[in-house]
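Trainee: Please work out how this folds:
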Amino acid sequence: PQATTTQSLPTIPSGITGPDLTGYVVVLDPGHQEKPNREQEPLSPTMSGSKDKVSAGTQGVATGRPEYEVNLEIGLLLRAYLEKLGCVVYMTRTENDVNISNIERAQFALSYSPDAYIRLHCDGSSDPNRKGIGVFVADTGKHKSKLVEWSDMLGEALSEATGAKYRGCFPSGRYSGLNWATDIPSFLLEMGYMTNKEEDLLLSDPDYQLKICAGIADFVSQMPLNPDRPKDLD
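Mentor: Numbering: from 1, shown residues only. Take a look at the predicted model:
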């Protein structure tokens with residue numbers, strides 16, 4: 001699939017500093033979309049089973065905002081932030097009114113051989129007190145032995161930047177968007193709980209969103225460059 005038409009970039013405050021990310025390539029996937037797609041697609045290229053092409057996501061208890069909207073808002077800001085530091089960034093979507101399945105998003109990411117594929121999500125729970133950052137990864141694939149270490153780098157960098165608790169890394173076989181992207185370092189980042197009033201408000205706060213960007217930039221700087229990326233994709 002092609003990335004959708006680019007919206008105007010958010011403004012990154014002057015004076016923002018961070019690591020030099022020249023030479024890095026990152027693909028961002030702002031999770032979900034305006035309308036879910038309940039059609040089924042294969043869960044994995046190696047396992048049986050199927051999943052919705054795109055699920056609905058959660059919603060803020062304090063803001064009332066849908067998850068897909070917050071994911072994109074942070075994604076567009078993150079793209080601008082990383083690009084300011086020299087990183088090349090591609091996005092699976094730049095609008096909410098799209099219809100792009102999780103497998104299509106994975107295939108889009110694979111086509112760029114990135115150093116990291118980061119799927120931006122917000123979490124939800126029946127427990128309103130639950131909060132914090134989590135990272136989900138596939139439990140198979142060529143990077144299996146390194147994924148937990150890299151996920152901890154991501155979670156700890158975000159925790160340090162935002163002050164939020166890092167809940168840990170959770171290898172899983174239940175995410176089609178990860179299972180179809182195991183040839184690249186792929187992470188499903190749960191940035192916080194929209195079902196927790198405090199975190200829901202923070203996830204829509206511009207200053208907090210910049211802290212998320214700073215943490216992710218720090219993480220990217222610690223990742224190894226993908227040795228398999230063709231030179232014409234740098």
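Trainee: Flag the shaky bits of this structure, pLDDT-wise.
Mentor: Residues of the chain that meet the criterion pLDDT under 70 lie in 1-9, 233-234.
Trainee: Let me see the ranges of the strands in it.
Mentor: Taking DSSP state E, the strands of the chain run over residues 25-30, 37-42, 50-54, 88-91, 116-123, 133-138, 166-172, 186-193.
Trainee: what about Val70, neighbour count?
Mentor: One way to gauge burial is a neighbour count; for Val70, by other Cβ atoms under 10 Å, it gives 28. (Each C-beta comes from the backbone N, C-alpha and C, glycine too.)
Trainee: Confirm for me that Pro45 is in contact with Leu178.
Mentor: No. Under the criterion of Cβ atoms under 8 Å, Pro45 makes no contact with Leu178, lying 11.7 Å away.
Trainee: which of these two has more neighbours?
Mentor: Looking at Pro45 and Leu178 with other Cβ under 10 Å, you find the greater number of neighbours at Leu178, namely 26 against 12.
Trainee: these two touch, right, the more buried one and Thr140?
Mentor: No. Counting by Cβ under 8 Å, Leu178 does not reach Thr140; the two are 9.4 Å apart.
Trainee: got any residues that touch both of the two?
Mentor: Listed as contacting both Leu178 and Thr140 by Cβ atoms under 8 Å, 6 or more residues apart in numbering is no residue at all.
Trainee: and Pro10, how many residues sit next to it?
Mentor: The number of residues packed around Pro10, counting by other Cβ under 10 Å, is 18.
Trainee: how about the residue nearest to it when sequence neighbours are not counted, what does it touch?
Mentor: Leaving aside its chain neighbours, Pro10 sits nearest to Leu77 (4.6 Å; criterion: Cβ to Cβ, 6 or more residues apart in numbering). Going by Cβ under 8 Å, 6+ apart, Leu77 touches Pro10, Ile12, Gln209, Leu210, Cys213.
Trainee: can you redo the strands of the chain as JSON lines with mean neighbour count?
Mentor: Formatted as JSON lines, those follow (neighbours: other Cβ atoms under 10 Å):
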{"stretch": "strand 25-30", "mean neighbour count": "26"}
{"stretch": "strand 37-42", "mean neighbour count": "14"}
{"stretch": "strand 50-54", "mean neighbour count": "18"}
{"stretch": "strand 88-91", "mean neighbour count": "20"}
{"stretch": "strand 116-123", "mean neighbour count": "26"}
{"stretch": "strand 133-138", "mean neighbour count": "24"}
{"stretch": "strand 166-172", "mean neighbour count": "16"}
{"stretch": "strand 186-193", "mean neighbour count": "26"}
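Trainee: do you know which of those lies nearest Ile16?
Mentor: strand 88-91 (15.4 Å; Cβ to Cβ).
Trainee: No further questions, thank you.
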